[in-house]
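J.: Need a 3D model of the following:
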Amino acid sequence: MLPGDPPFASINAGNTIAHSRFRRRISAHMENHMLKQIVAVLTLTLATAAMAEGPTRNAAAAEKKLAGAAKTSFLTKCEKDATATCQAASNEKKLSGAAKTSFEKKCVKDSVGESAPAK
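T.: Now for the predicted structure:
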């Protein structure tokens, strides 16, 4: 402590160092949190794009000119595949209850098309 310094200069110097460390720790935590959010958004965007890719299964059945039992069998298989994919996506998003049910129903409908076969 030098003459002319405030009486608590040495205490304030120590607090400044501790405050600086605290700010760096908070800053690193915020950067980590923001990075996780960016990764989550990118993952969901890519997953949604992959599910929306290409024509619906109904359109694919029409392209293949399927009819009757062949069309029903094709759409049933597609619906089972879509259900499994959508359930995995809802688990990845950690959805539960009504939100999970709604998400899976919309996801399957978007993948298979409007007139999916009844279960």
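J.: quick check: domain ranges of this protein?
T.: Listed domain ranges for the chain are 7-53, 56-119 (source: automatic domain parsing).
J.: just those: most buried one?
T.: Among the domains of the chain, domain 56-119 has the highest mean neighbour count (mean count of other C-beta atoms under 10 Å), at a mean of 14. The C-beta positions use only the backbone N, C-alpha and C, and glycine is treated the same way.
J.: Can you give me the distance of S96 to L75?
T.: Plainly put, S96 is 28 Å away from L75 if you go by C-beta to C-beta, to the nearest Å.
J.: Could you do A62 as well?
T.: 11 Å.
J.: what do you get for L42?
T.: 32 Å.
J.: Name the next helix or strand downstream of the worst-scoring helix or strand of the chain on mean pLDDT, please.
T.: Counting by mean pLDDT, DSSP states H and E, the weakest-scoring helix or strand in the chain turns out to be helix 9-52, with a mean of 68. Downstream of helix 9-52, the next assigned helix or strand under DSSP states H and E is helix 57-63.
J.: pull the CA atoms of that following helix into PDB?
T.: Extracted in PDB, the C-alpha atoms of helix 57-63 (Å, rounded to 0.1, in the frame of the first residue of the first chain):
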ATOM      1  CA  ARG A  57     -45.800 -42.300 -49.400                       C
ATOM      2  CA  ASN A  58     -49.300 -41.900 -50.900                       C
ATOM      3  CA  ALA A  59     -47.800 -40.000 -53.800                       C
ATOM      4  CA  ALA A  60     -45.100 -42.800 -54.100                       C
ATOM      5  CA  ALA A  61     -47.900 -45.400 -54.200                       C
ATOM      6  CA  ALA A  62     -49.700 -43.500 -56.900                       C
ATOM      7  CA  GLU A  63     -46.400 -43.100 -58.900                       C
END
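J.: Thank you kindly, that will do.
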